[in-house]
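Asks: What follows is a predicted protein model with its sequence.
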Amino acid sequence: MSITTVQVPDAESTISLRVKDTGGEGAPVVLIHPWPQRLEIWERQETALVGAGHRVISYDRAGFGESEPSHGEAYDYDRLTQHLHGILEALDLRDATLVGWSMGGGEVARYVGTHGSERLRGIVLLAAIPPFLPNTPDNPDGPVVDAAWREANEYLANDRDGFLEMIAGAFFSVNGELLVGEEIAAQALAWAKTADPTAIARCQEAFSTTDFRGDLAKVDVPAAIIHGDADEMVPLEYSGARAHAALPGSSLVVISGAPHGLGITHADEVNEALLAFVREAPSRA
């Protein structure tokens, strides 16, 4: 098991990203973390997957954890997905399953929409934002209005610590009740504080405004959606349920009482669903 720095394309140059690769001969699973976290958030899933014989790759998104900030302060999904593609190419990963949690689900969708599925066995959207959150004329039920993310960015600019504390609490909470110990919430907050402030703000804009409906239409590999029915940050009815409807043949696992941070609060149930999917998805190697 190693953590290394991988150089991947970034517009006209390259960018250094921290990548953790458990190694091994098993089918690879690539974990793409939620905003504003870092690769350590996946510890419970990594342990379960490695125990089942899989090679697990996780990485810090540009500007988060110990990865270099994106050049030109660009954090749109096209740029971020270019980084993901660069990692798959640098490690020559094939027959891989991409797992995107929250914001990471957007990178999964955009990867297939842009780069196709040649290197993939399947995809998993975990409490993920696709297909489209903004409230627009062609998406009148979308929960995110333009003013909301702009106000959140203003809050971040004026009180970064307060903003991140609010997010860390909401991540693990249902109806205001924290479902984890204070030490776990504190650790998540500490990880979030390592992120570049510009990366946090620009990524919030990206996941609050990007349309993934065209990307999901190009998915031609098995897909699983895992979502909590008590997710208050990315509600099931606006995201996971709609992604399931947009992906014929996909599986939908709804975890009762689970908030947005279900990979920690309901790790056993998430891991069971995740392992079942990667075990049953047919190899394309």
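Replies: Perfect, thanks for sending it.
Asks: which residues touch the helix or strand where residue 154 lies?
Replies: Taking DSSP states H and E as the criterion, residue 154 maps to helix 146-158. Helix 146-158 is contacted from outside by 134, 162-164, 197, 200-201, 204-205, 208-209, using Cβ atoms under 8 Å, 6 or more residues apart in numbering. From N, CA and C alone the C-beta is placed, and that goes for glycine too.
Asks: rerun at 10 Å
Replies: 36, 133-136, 144-145, 162-164, 166-167, 197, 200-202, 204-209 (Cβ atoms under 10 Å, 6 or more residues apart in numbering).
Asks: I'd like the list of those residues that fall within strands, please.
Replies: Counting by DSSP state E, no part of these is found in strands.
Asks: Let's see the PyMOL selection covering just the buried ones among those residues.
Replies: To isolate the buried subset of those in PyMOL, counting by 16 or more other Cβ atoms under 10 Å, use the following:
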select buried, resi 36+133+134+144+163+164+167+197+200+201+202+204+206+207+208+209
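Asks: Check which helix or strand the residue nearest to residue 184 when sequence neighbours are not counted maps to.
Replies: Using Cβ to Cβ, 6 or more residues apart in numbering and skipping residues adjacent in sequence, the residue nearest residue 184 is residue 264, 6.5 Å away. Using DSSP H and E, residue 264 maps to helix 262-265.
Asks: what does residue 227 give?
Replies: Per DSSP H and E: residue 227 is located in strand 223-228.
Asks: What pairs with that strand, parallel or antiparallel?
Replies: Its sheet considered, strand 223-228 pairs with strand 120-126 (parallel), strand 251-255 (parallel) by DSSP bridges.
Asks: one step back: which residues touch the helix holding residue 264?
Replies: With contact meaning Cβ under 10 Å, 6+ apart, helix 262-265 is reached by 31, 33-34, 37, 41-45, 99, 101-102, 126-127, 171-174, 178-180, 184-185, 187-188, 226-228, 230-231, 255, 257-259, 269-271, 274.
Asks: Kindly provide the distance from the nearest residue to residue 269 once chain neighbours are set aside to residue 26.
Replies: Nearest non-adjacent residue to residue 269, counting by Cβ to Cβ, 6+ apart: residue 255, 5.0 Å away. Separation of residue 255 from residue 26 (Cβ to Cβ, to the nearest Å): 25 Å.
Asks: who are the neighbours in contact with the residue nearest to residue 269?
Replies: Contacts for residue 255 were tallied using Cβ under 10 Å, 6+ apart; they are 127, 226-231, 236, 262, 265-266, 269-270, 272-273.
Asks: cool, residue 243 as well?
Replies: 105, 109, 125, 128-132, 212-213, 216, 219, 223, 225, 227, 236, 250, 252.
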